[in-house]
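> coords below, sequence missing:
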């Protein structure tokens, strides 16, 4: 059983790495945050993602995922809410106030609470966690052991993956040395966020 769990966790790590590193709403928002606010001010955003996905992970392990089978309409409601909020984020990013001095920017990075709550309506987070709780767990007495190990692996892989996107954004921070450049960058990131909608909502 122990050997089976370790093999399963290795597969889980590869799955989590693929899901955490590929473009999606979280990663586009992290790159935008890193570029506009730097690494330190973006850390609450990263921690919020981990807190939100962990709470969602525990909830699905406890049976929340079965809600989609019992009430299929809940899935459609989640889609509508997520699309609406993503459009709001596109607007918020694209129209964020900028100035020639980054220190004078009126906009603020996403808070820990905002990032955590966003996971509740982020279709990609739901898809990843439901997959982890179904395809990457074992039945019987080892269900909770495999489920909790999967949650730990997801966080161990997900945190550096998220931080990488913040780092990528921060590397171009020095090039965004004018209000015009930052405005163009924000519009570009808003457009990229818009492109993630058809990728995750099917």
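In hand now; what should we look at? On a predicted model such as this, the values are computed, not experimentally measured, just so you know. Numbering: from 1, shown residues only.
> Name the single longest helix found in the chain.
In the chain, ranked by residue count with DSSP state H as the criterion, the top helix is helix 25-61.
> Beyond the lowest-mean-pLDDT helix or strand in the chain, next helix or strand please.
Scoring the helices and strands of the chain by mean pLDDT, DSSP states H and E places helix 67-70 at the bottom, with a mean of 68. Heading C-terminal from helix 67-70, the first helix or strand you meet, by DSSP states H and E, is helix 73-94.
> Check which residues of that following helix are buried.
Neighbour-count burial for helix 73-94 flags 78, 82, 85, 86, 89, 90, 93, 94 (criterion: 16 or more other Cβ atoms under 10 Å). Placement of C-beta: from N, CA and C, glycine included.
> which one is the residue nearest in space to the middle of the chain nearest to, not counting chain neighbours?
By Cα atoms, centre = their mean, the chain has its centre lying nearest to residue 26, at 3.4 Å. With Cβ to Cβ, 6 or more residues apart in numbering as the criterion, residue 26 has its nearest non-adjacent residue at 5.5 Å, and that residue is residue 49.
> Residue 172 too?
Once flanking residues are discounted, residue 172 sits nearest to residue 35: 5.6 Å by Cβ to Cβ, 6+ apart.
> isn't the one you found right up against residue 185?
Yes: contact criterion Cβ atoms under 8 Å: residue 35 and residue 185 qualify, at 6.2 Å.
> Now do the shared contacts for those two.
172, 176 (Cβ atoms under 8 Å, 6 or more residues apart in numbering).
> Show me where this structure dips below the pLDDT cut-off.
Within the chain, the stretches with pLDDT under 70 are 1-3, 65, 67-69, 75, 98-106, 177, 199-202.
> ok, 50 please
Flagging of the chain using pLDDT under 50 yields an empty set of residue ranges.
> now residue 138, what's its secondary structure?
coil (DSSP: H, G, I helix; E, B strand; the rest coil).
> give me the number of residues near it?
14 (other Cβ atoms under 10 Å).
> The host helix or strand of residue 152 to helix 25-61, inter-axis angle?
Element membership for residue 152 (DSSP H and E) is helix 143-171. Inter-element angle recorded for helix 143-171 and helix 25-61: 170 degrees (by axes from the mean of the first three to the mean of the last three Cα atoms, to 10 degrees).
> wait, doesn't the residue nearest to residue 26 sit right on residue 117?
No: with contact defined as Cβ under 8 Å, residue 49 does not reach residue 117; the gap is 10.7 Å.
> Neighbour count for those two, which is higher?
residue 49 (26 against 17).
> what sits against that one?
26, 30, 115, 116, 118, 119, 158, 162 are the contacts of residue 49 under Cβ under 8 Å, 6+ apart.
> ok, how many other residues are close to the last one?
What that stands for is residue 162. Residue 162: 24 neighbours (other Cβ under 10 Å).
> What about the closest residue to it other than its chain neighbours, how many residues nearby?
Spatial nearest neighbour of residue 162, chain neighbours left out: residue 46 (4.8 Å); criterion: Cβ to Cβ, 6+ apart. Residue 46: 25 surrounding residues under other Cβ under 10 Å.
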